Structures are given as structure tokens and as C-alpha cells.
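Asks: this is a predicted model, with the sequence first.
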Amino acid sequence: MTIMTQLCFEDVQVGMEIPALKKHPSPEQLVKWAGASGDFNVIHYNKEASLAQGLPDIIVHGRLKSAFLSQLVTDWIGAQGALKKIAVQHRATDTVNTDMVCKGVVKNKSAQGGENLVTLEVWTENSRGEKTCRGDAVVALPSRGH
Amino acid sequence: MTIVSEEQRKQALAVRLPPFTVEIDKSMVRRVAEAVGDDNPLWQDSAKGPTRGMVASPALLHGIYFCGPRPTLPFDVPLKRVLDGGGEWEYSAPIRPGDILTANTRIVDLTEREGSTGSLLLVVRETQWTNQKGQLVAKMKATTILR
């Protein structure tokens, strides 16, 4: 990770896109997430079991996708930013070994109760450009004056 | 088709899951960050910066270890498949190795919908996480779809 200057509230404009985060979940990554998260549903590591359930392949955990979206946001806000809230809805499944891009756009900014809050829309996109999960995030950012 | 009667709905909304406690340690924080592929120095043991010391990434609470068991309804429903509909995480204080977190979970919403494959029941659970100082660290809402 390169050292970046801290993002400040003043740097943010409504409508701006935040830097995208690319993922390509491998079977190894899904097994690591299964172990770290406790989700050992077979559809996340056993292809035969997935096919038997009518699924096209091994499925990426929904919670891993919401974790990716959290990373998208925490990568952007830097060490002095705070992720206050993230809400994610799953729309479609993603399969193992496929490209996924996490993206976000700034929807609103406001100073409230002594905090500089920014609201974002975030989503994961598959290689066909479909949004497989979408959500909203709220972050607090430092001000350049401080 | 009605899956849940008004009386059953009331019963479900009165459910309080038994509180459960989990102690956060460094390897847990590290394994979550590694599984996500998140190399942010804040989640590393050597973390420097304004927070001084390792903190857990937001993804820690996305693990189902932290969401408790599947929703237990106080009655049977004629639906077999369980799907993750999504979730909402609200963070109010950092979580660090050494913290002892306690989860209190209740069912806050039950909604029936007609999907393309038949009836769906959406169950929303809310979990409040407090640390050993009694401080609220996070609030989470998880939506499970039964169909």
C-alpha cells in the first residue's frame, strides 16, 4: 500500500466517483473467508454440491462482498476517516474465479453535530456490468482546518 | 398465502436471543483482513496513526460468527431455503484485540412477499454489540430470506 495524503471533507464533491477496488475471489480466498467468518455452507467451496443445488458454480459469500465494499470505503477515507455505517443488499450471486469491481459515488455531504459526514452509494459489479449487490455508506472525514 | 399469522408475528417480535460473548484477539483481526485481501495498515499488528494500535476492520462483524445463529422463529414455517438478504452495520466505537464483546439480538421485523418462485419471508434481526466497558460499539441488522 502506498502512503497517501489524508482525504479531507473539503476534497469531496457530490457526484464524484471514488477509486474502484478490483477483486477476483479464488477458491482459496473463499475458504479463508469461511474460516475467518464461520460460514461453512458447502455452496462456498464445493462445486458438486453447488451444482446439485442448481447453482452455476461455487458461490461467493454475500458477507465477503459486503466486506469488500467496506474495504472500498476504508481504503478511500484513510486513517483519519471513520466508517459510520454501511448497508448492503444482495441482488445476484457472483461465482468463484470471476472478476468483480467494487465502486462508489458520493451522494451527499453535510456537517452535522460537529461531524463532517459524507454519504456514498456503493456496489459490486460483475464482468457483464450487472450490480450484484448495492448499498449505502456514511463516513466522517476530518476537515482541512484541523 | 399467509405464512405468519398476526399472533405469530407478535411472538416472533418478542423473541430475545440469549446474549453471547466473544473475546477479540489479534489473530481473529488478522485472519479477517487477510481473507478479505485488505492490507490496510490499521488492521495490522504494527498499526500506527491516530488510532494507535491494531483495530478490527469493519469486516470483522460481517462474519456469521458475529451474527449469531440463524433466526430461530418460535414456530415452524413451510419454507426450506435460507438466503442472505443483506445487512446493515453501524459502528460507534473501535473494536480492538482484547475487547470482550457481548451481542444482544432480537427479531425486529417480519415481512411476507410474493416472489417469482412463491412466498418469501424476510426476517430482520438486530444485534447490539457492547464491549467490556458497557459501551455500544456497533449495531447490526441482518436480513434473512426464507423461501
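Replies: Everything's here; your move.

Asks: tell me what whichever strand or helix holds residue A:107 is packed against?
Replies: Assigned by DSSP states H and E, residue A:107 falls within strand A:100-112. Counting contacts by 3 or more Cβ pairs under 8 Å, 6 or more residues apart in numbering or on different chains; DSSP states H and E, strand A:100-112 packs against strand A:17-23, helix A:62-77, strand A:115-126, strand A:131-141. Just so you know, the C-beta spots here come from the backbone N, C-alpha and C atoms, and that holds for glycine as well.

Asks: would JSON lines of those with mean pLDDT be doable?
Replies: What follows is the helices and strands packed on strand A:100-112, written out as JSON lines (pLDDT from 0 to 100):
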{"stretch": "strand A:17-23", "mean pLDDT": "98"}
{"stretch": "helix A:62-77", "mean pLDDT": "97"}
{"stretch": "strand A:115-126", "mean pLDDT": "98"}
{"stretch": "strand A:131-141", "mean pLDDT": "98"}
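
Asks: just checking: what are the partner strands of the least confident helix or strand in chain B by mean pLDDT?
Replies: Sorted by mean pLDDT, DSSP states H and E, the helices and strands of chain B end with strand B:16-23, the least confident at a mean of 90. Sheet pairing here is set by DSSP bridges, and for strand B:16-23 it gives strand B:100-115 (antiparallel).

Asks: residues of chain A that sit close to chain B?
Replies: When proximity is defined as Cβ under 8 Å from any Cβ of the partner chain, chain A approaches chain B at A:1, A:23, A:29, A:32-33, A:35-39, A:62-64, A:66-68, A:70-71, A:74-75, A:79-80, A:82-90, A:133, A:135.

Asks: check whether stretch B:55-67 contacts chain A.
Replies: Yes: contact of stretch B:55-67 with chain A (Cβ under 8 Å from any Cβ) involves B:57, B:58, B:59, B:62, B:63, B:64, B:65.
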